[in-house]
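[1] give me the fold of what follows.
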Amino acid sequence: MAPVAIRAYTATTALGAGLAAQRQALRDRRSGLRRNDFGSDPLECWIGRVDGLETAPVPAALSAYDCRNNRLAWLALQQDGLPALLAEAIARHGAERIAVVIGTSTSSIGATEEAYTRLEVDAEGVSRFPADLQRARIHSPHSLGEFVQQATGLRGPCVTVATACSSSAKVFAQAARWISAGIVDAALVGGVDTLCGSVLFGFNALQLVAPDPCQPFDARRSGLSLGEAGGFALLERPGAGQGATLQLCGYGESSDAHHMSAPHPQGLGARLAMADALHRAGIDAADVGYLNLHGTSTPANDSIEARAVDALFPDTLHASSTKGWTGHTLGAAGIVESAIALLALSDGLLPGTLNSEVHDDACGAQIRFDNAHTPIRYAMNNSFGFGGNNCSLVFGRAD
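    Below you'll find the model as predicted:
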């Protein structure tokens, strides 16, 4: 595929708002995880929570969309000069030629949960949502995509992708196809997911939540730590505007459909997605300097992903999971961890795997616990979702 220019990118996580906060925490090896303080009856676990959302409503003109998820989307949209860069892209192409492709796992379901816990009975004995939550736009999987389009003024095709934890990685592939086909000249891609009861108690019911901070690829790992995050990237067709220093070079997608929640035991889908991304980028596995792994810290996921990586990549690869910093941000994991891969390309800082110390013999030499500093030409990101929805992305520095 022809590389797609990356004009801007940003991420907001439990580490803070914007790239500077992510960069500093990665350098300092400072986690954003904390003891769970979310909800009226918190589970005994650790979470990655973004501070300040409770007191930061969306602008009044967008109040019909106000909810925790869209508040985080608004906060993330304001970072790293993104509004100004969007305005420049609109001036180049027109708002109708810029798509919005946004990923999420649960969208604004937290608001719907609250509405059901506060049901009111009207004069006719019918249960209804309370007046302040009778806003149809937020009780929809497309709440996020519609909000972002309204908040940015973009008027191209708009879609919300919901493929569980691969959602905001797959948005890059969708946007690249639209740009290649000439449907649009640019696309705002990204993803947002926020903490809610369905997520915390749902994953706990699957016995996947660890009582302590997650330890990806550590022999002692017992489960994941959930988090919330939002992030965006502005993609543009090659040759538009001044040269971009970073590019989307390839993507790979697969759907192994092995099980509702468990990955294929031999990592078939993961291998197919990674190999497809490398093929589209036109590079060998040995060319990749850094791979941000899905690495959820569950016993099955980590060993299977490590096995798939070991089958494709040489021992010299620096591969790690950064979920010890941010928690598993579900539908936002793809954009957040793509931003980290792009930081590795820009800065030469290759993150290790926070909280992990004891090497698991089931994981190959590619899995690194310590940070490294070295310039690289290509970086990858893996995002794997329930149901076998897999996506791998290859990013590169332009010549």
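
[2] my guess is D218 meets L354, correct?
    No - contact criterion C-beta atoms under 8 Å: D218 and L354 do not qualify, at 10.3 Å. Glycine gets a C-beta too; all of them are placed from N, C-alpha and C.

[3] looking at the two, which one has more neighbours?
    Per other C-beta atoms under 10 Å, whichever of D218 and L354 has more neighbours is L354, with 25 against 21.

[4] that one reaches W325, doesn't it?
    Yes - with contact defined as C-beta under 8 Å, L354 reaches W325; the gap is 5.4 Å.

[5] which neighbours do the two share?
    S31 (C-beta atoms under 8 Å, 6 or more residues apart in numbering).

[6] can you map out the strands along the stretch 251-399 of the chain?
    Secondary structure of the stretch 251-399 of the chain by DSSP state E, counting those that start in this stretch: the strands cover 288-292, 318-320, 349-350, 372-373, 378-385, 389-397.

[7] what pairs with the first one, parallel or antiparallel?
    Each strand paired with strand 288-292, and its direction, by DSSP bridges: strand 318-320 (parallel), strand 378-385 (parallel).

[8] ok, residues contacting stretch 140-160?
    58, 62, 65, 67, 69-70, 73-74, 77, 86, 90, 95-104, 107-108, 137, 162, 174, 178, 183-184, 187-188, 190, 192.

[9] quick one, phi/psi of G250?
    Per-residue torsions, G250: phi -170, psi 160 (degrees, to the nearest 10).

[10] quick check: closest non-adjacent residue to it.
    A281 (3.0 Å; C-beta to C-beta, 6 or more residues apart in numbering).

[11] my guess is that neighbour contacts V394. True?
    Yes - with contacts counted by C-beta under 8 Å, A281 reaches V394, the gap being 4.0 Å.

[12] where do the helices of the stretch 101-250 of the chain begin and end?
    All helices of the stretch 101-250 of the chain, identified by DSSP state H, counting those that start in this stretch, fall at 109-117, 143-152, 167-180, 197-205.

[13] let me know the average pLDDT across the second one.
    What that stands for is helix 143-152. For helix 143-152, mean pLDDT rounds to 98.

[14] what's the offset of it from the middle of its chain?
    17 Å (C-alpha atoms, centre = their mean, to the nearest Å).

[15] over to the longest one?
    On the basis of C-alpha atoms, centre = their mean, the separation between the geometric centre of helix 167-180 and that of its chain is 13 Å.

[16] could you tell me the angle between that helix and strand 378-385?
    120 degrees (axes from the mean of the first three to the mean of the last three C-alpha atoms, to 10 degrees).

[17] quick one: buried residues of helix 167-180?
    The neighbour-count check on helix 167-180 (16 or more other C-beta atoms under 10 Å) flags S167, S168, A169, K170, V171, F172, A173, Q174, A175, A176, W178, I179 as buried.

[18] look up how far T163 lies from the fifth one.
    Looking back up the chat, that one is V171. Distance of V171 to T163, computed by C-beta to C-beta, to the nearest Å: 10 Å.

[19] give me the common contacts of those two.
    Joint contacts of V171 and T163 (C-beta under 8 Å, 6+ apart) are G103.

[20] count of residues packed around the residue lying closest to T160 once chain neighbours are set aside?
    In space, and not counting its chain neighbours, T160 is closest to G145: 3.6 Å by C-beta to C-beta, 6+ apart. The tally of other residues near G145 (other C-beta under 10 Å) stands at 24.

[21] quick one: G145 and S108, what's the gap?
    11 Å.

[22] please apply the same query to E114.
    10 Å.

[23] which one of these two has more residues nearby?
    The neighbour comparison of E114 against S108 (other C-beta under 10 Å) goes to S108, with 29 against 17.

[24] quick one: contacts for that one?
    C67, R68, N69, N70, I138, H139, S140, S143, L144.

[25] if I look at G250, how far off is T152?
    In terms of C-beta to C-beta, G250 sits 27 Å off from T152.

[26] who's more crowded, the two?
    Using other C-beta under 10 Å as the criterion, G250 and T152 rank with G250 on top: 26 against 19.

[27] so what's the more buried one bridging to?
    If you apply DSSP bridges, the partners that G250 bridges to are V394.

[28] I'd assumed A277 was in contact with it.
    Yes - G250 lies in contact with A277 (C-beta under 8 Å); the separation is 4.6 Å.

[29] got any residues that touch both of these two?
    In contact with both G250 and A277: L393, V394, using C-beta under 8 Å, 6+ apart.

[30] surely S222 touches Q207?
    No - the criterion here is C-beta under 8 Å, and S222 misses it with Q207 at 9.7 Å.

[31] the more surrounded of these two?
    Legend: neighbour count by other C-beta under 10 Å for S222 and Q207, higher for S222 (16 against 9).

[32] residues contacting the nearest residue to that one once chain neighbours are set aside?
    In space, and not counting its chain neighbours, S222 is closest to A210: 4.7 Å by C-beta to C-beta, 6+ apart. Residues near A210 by C-beta under 8 Å, 6+ apart: C45, W46, R221, S222, G223, L224, S225, S297.

[33] next: G334.
    103, 165-172, 191, 381, 383, 391, 393.

[34] A64 too?
    Applying C-beta under 8 Å, 6+ apart, the residues near A64 are R135, R137, I138.

[35] any idea which of these is closest to V4?
    R137 (30.6 Å; C-beta to C-beta).

[36] for the closest one, grab the count of nearby residues.
    Residues near R137, counting by other C-beta under 10 Å: 17.

[37] hang on, it packs against S63?
    No - assessed by C-beta under 8 Å, R137 is found out of contact with S63, at 10.3 Å.

[38] and the strands in the stretch 101-250 of the chain?
    Here the stretch 101-250 of the chain has its strands, by DSSP E, counting those that start in this stretch, at 120-121, 127-128, 158-161, 186-193, 226-227, 229-236, 246-255.

[39] got these as JSON lines, with distance to R7 columns?
    Shown next, in JSON lines, are the strands of the stretch 101-250 of the chain (distance: least, C-beta to C-beta, whole Å):
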{"stretch": "strand 120-121", "distance to R7": "47"}
{"stretch": "strand 127-128", "distance to R7": "45"}
{"stretch": "strand 158-161", "distance to R7": "19"}
{"stretch": "strand 186-193", "distance to R7": "8"}
{"stretch": "strand 226-227", "distance to R7": "27"}
{"stretch": "strand 229-236", "distance to R7": "4"}
{"stretch": "strand 246-255", "distance to R7": "9"}
